[in-house]
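Peer 1: quick one, what's the 3D model for this:
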Amino acid sequence: LLAGPPGTGKTAVALAIAQELGNKVPFCPMVGSEVYSSEIKKTEVLMENFRRAIGLRIKGGEFKRCVDVI
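Peer 2: Modelled structure (predicted):
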């Protein structure tokens, strides 16, 4: 996860890394507010939708730790 103010190149860096790693690496830019809600149940639903959208099939607990950082 990359964090920082707008215009600092976060998306450009992520896209460059994804391109270097090849087509098997999903690249899906997102904003924390797209997958985080003050309602925990809603966050779980948003995260599940996100994982489905990029084809990830990992345990929720592993991915939730990443969300805590956002």
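Peer 1: quick one: Asn49 from Ser37, how far?
Peer 2: 12 Å (C-beta to C-beta, to the nearest Å). In short, each C-beta sits where N, CA and C put it, glycine included.
Peer 1: compare those two (neighbour count), which wins?
Peer 2: A direct count of neighbours by other C-beta atoms under 10 Å for Asn49 and Ser37 places Ser37 higher, at 14 against 11.
Peer 1: got the phi/psi numbers for the more buried one?
Peer 2: phi -140, psi 150 (degrees, to the nearest 10).
Peer 1: what's the burial count for the nearest residue to it once chain neighbours are set aside?
Peer 2: Distance criterion C-beta to C-beta, 6 or more residues apart in numbering; nearest residue to Ser37, sequence neighbours excluded, is Thr43 at 4.8 Å. The number of residues packed near Thr43 is 16, by other C-beta under 10 Å.
Peer 1: repeat that for Lys24.
Peer 2: Look at Lys24: counted by other C-beta under 10 Å, it has 6 neighbours.
Peer 1: can you classify the residue nearest to the spatial centre of the chain by secondary structure?
Peer 2: Centre of the chain computed as the mean C-alpha position; nearest residue by C-alpha atoms, centre = their mean is Met30, 5.9 Å away. Assigned by DSSP: H, G, I helix; E, B strand; the rest coil, the conformation of Met30 is coil.
Peer 1: the nearest residue to it once chain neighbours are set aside: how many residues sit nearby?
Peer 2: Distance criterion C-beta to C-beta, 6+ apart; nearest residue to Met30, sequence neighbours excluded, is Phe50 at 6.9 Å. Look at Phe50: counted by other C-beta under 10 Å, it has 16 neighbours.
Peer 1: got it, and Val35?
Peer 2: 21.
Peer 1: again with the one 5 residues further on
Peer 2: For Ile40, the count of nearby residues is 9 (other C-beta under 10 Å).
Peer 1: please tell me how far it sits from Leu46.
Peer 2: 11 Å.
Peer 1: and Leu21, by the same measure?
Peer 2: To Leu46, Leu21 is 25 Å away according to C-beta to C-beta.
Peer 1: equivalent analysis for Gly32, please.
Peer 2: Distance from Gly32 to Leu46, by C-beta to C-beta: 11 Å.
Peer 1: fine, thanks again, bye for now.
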